[in-house]
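Colleague: fold the following and give me the result.
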Amino acid sequence: AGAIAYAGGLVGNNSNTILNYYSSGAVVATASAGKNGGTPGVAGSGAAGGASHVGANGVTGGAGGAGAVAYGGGLVGNNTSTITNSYFESGSVIVTAGSGGNGATGGAGGIGGSGALGGIGGTGGAGGVSGIGYAGGLVGNNLAGIINGTHSFANTTSISGNSGSGGTGGAGGTGAAGGLGAVGGGTGAISYAGGLVGFSTGIINNSYATGNVSATGGAGGFASPGGAGGSGSAGAAAGAADGTSTVLLRSGGASYAGGLLGYNSTNGVVQGGSYGTGDVSSAGGNGAVGLTGANGGNSSGAFLGGSGLPGAVGGTGGLSAAGGLVGYNLAVISSDSYGSGDVTSAGGAGGAGGSTGTSGNSGPGITGVGAAGAGATGGIGGASYAGGLVGYNGVLGTTLGIANNSGTVSSTGGLGGAGGVGGSG
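Modeller: Residues are numbered from 1 along each chain as shown. Purely as a prediction, here's the structure:
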């Protein structure tokens, strides 16, 4: 797995009281990406043992490593204590979380002896999960901490990691089925960004931020196709792609951005006339594209060719929420808090569905080729929420007393993915 990154103009990871401090300049937190999975060994050949010996099955490909989380803030990256009368004077905060590593292709099945089948292809390795990004002009991640009488003039950017792709299944040996395609690394990682704080379960009191804010969610991990079916007297079927049951694991990551606070979670409080005046933009991560299904094997005897299989369903685009004050709210915001910047939100695009693989050629005297299926479904575009004050408010009864009368607000849902092309029968 990649290494976590903590960066702050004063402290990277804080659990002590901070009083009357300031910082300025460029704060950059970049977490490590996960490594790609290792290549499996070669399967043994049955031909070495005589005509009747079956080839060995291919080995599963190595799994990709996990990308790491990144915390960055103008003063503190990750905070669990009290910060009072402190500020970030000028500069920028840029946070980039680690992407997941890709799974390796499964090993090919070994060749069979002249009178025997080859080995089944190995399963592809799973992709690695990606890291979350926390970025704030003052604090990236505030866990039950108290932030009082503070401000930040930083421009703040959070980019979360992309999930790794699953490995392709190994090709089948002589007349043997291809290996199964692997699941991707899952939903793209979430991105939090705020002019003052990225994510908070604590108290923000009598504080403000003036810098611009941007959050981008990570892309979902590709689900790879199975391996090609082996050719032989009777061509074998291709290995299946990762199933539709895991389609949610291909979704793009959510993004939350606010002029003051990106995400106000359970027990969080924004009060004391706190405000944000910078422009805010949020973009959900794109859903993974469903890759083309594997091809069937060719038949040299009087048999139909092996069937090509459908590709993977495209992933759903990631949700996006942006607000001039708070991007996404599940807690308390006092009525004297406000935001005044321009707000833009865009949901992630749904991934295109994978096309069906090609069926193998049939043997002499056999009309047509193996059966072919429909192309896979494209993913749904991501939802988008934007508000002059709050992008998404999940708390009934919240009263916001000061309107955003100066900023413009734009919200665009993500485009749905195109369906894959069906195969020819």
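Colleague: centre of the chain to stretch 294-304, how far?
Modeller: Distance of stretch 294-304 from the chain centroid (C-alpha atoms, centre = their mean, to the nearest Å) equals 38 Å.
Colleague: pLDDT score assigned to the closest residue to residue 144 other than its chain neighbours?
Modeller: With C-beta to C-beta, 6 or more residues apart in numbering as the criterion, residue 144 has its nearest non-adjacent residue at 4.7 Å, and that residue is residue 202. All C-beta atoms are positioned from the backbone trio N, CA, C, and that covers glycine. Residue 202 carries a pLDDT score of 97 in this model.
Colleague: who touches residue 202 in this structure?
Modeller: By C-beta atoms under 8 Å, 6 or more residues apart in numbering, residue 202 lies in contact with 79, 142, 143, 144, 145, 146, 147, 267, 268, 269.
Colleague: quick check, nearest of those residues to residue 211?
Modeller: residue 147 (16.0 Å; C-beta to C-beta).
Colleague: is it true that that closest one touches residue 207?
Modeller: Yes. The pair residue 147 and residue 207 passes the contact test of C-beta atoms under 8 Å, sitting 5.9 Å apart.
Colleague: closest to residue 64 among the contacts of residue 202?
Modeller: Nearest to residue 64 out of the contacts of residue 202 is residue 143 (C-beta to C-beta; 28.8 Å).
Colleague: any idea how far the closest residue to that closest one other than its chain neighbours lies from residue 209?
Modeller: Leaving aside its sequence neighbours, residue 143 sits nearest to residue 80 (C-beta to C-beta, 6+ apart; 5.0 Å). To residue 209, residue 80 is 21 Å away according to C-beta to C-beta, to the nearest Å.
Colleague: of those two, which one has the most company?
Modeller: residue 209 (34 against 16; other C-beta atoms under 10 Å).
Colleague: dump the residue contacts of that one.
Modeller: Residue 209 makes contact with 137-138, 151-154, 194-196, 259-260, 275-278, according to C-beta under 8 Å, 6+ apart.
Colleague: just for the stretch 51-200 of the chain, where's the confidence low?
Modeller: The stretch 51-200 of the chain contains residues with pLDDT under 70 at 51, 114-115, 173-185.
Colleague: can you map out the strands along it?
Modeller: 70-73, 76-79, 82-84, 87-96, 133-136, 139-142, 146-148, 151-152, 155-159, 191-194, 197-200 (DSSP state E, counting those that start in this stretch).
Colleague: before we move on, back to that, overlap of the contact sets of residue 147 and residue 207?
Modeller: 138, 196.
Colleague: the nearest residue to residue 30 once chain neighbours are set aside: neighbour count?
Modeller: Nearest non-adjacent residue to residue 30, counting by C-beta to C-beta, 6+ apart: residue 96, 4.7 Å away. By the criterion of other C-beta under 10 Å, residue 96 has 23 neighbours.
Colleague: residue 96 is in contact with residue 162, isn't it?
Modeller: No. Residue 96 lies out of contact with residue 162 (C-beta under 8 Å); the separation is 11.0 Å.
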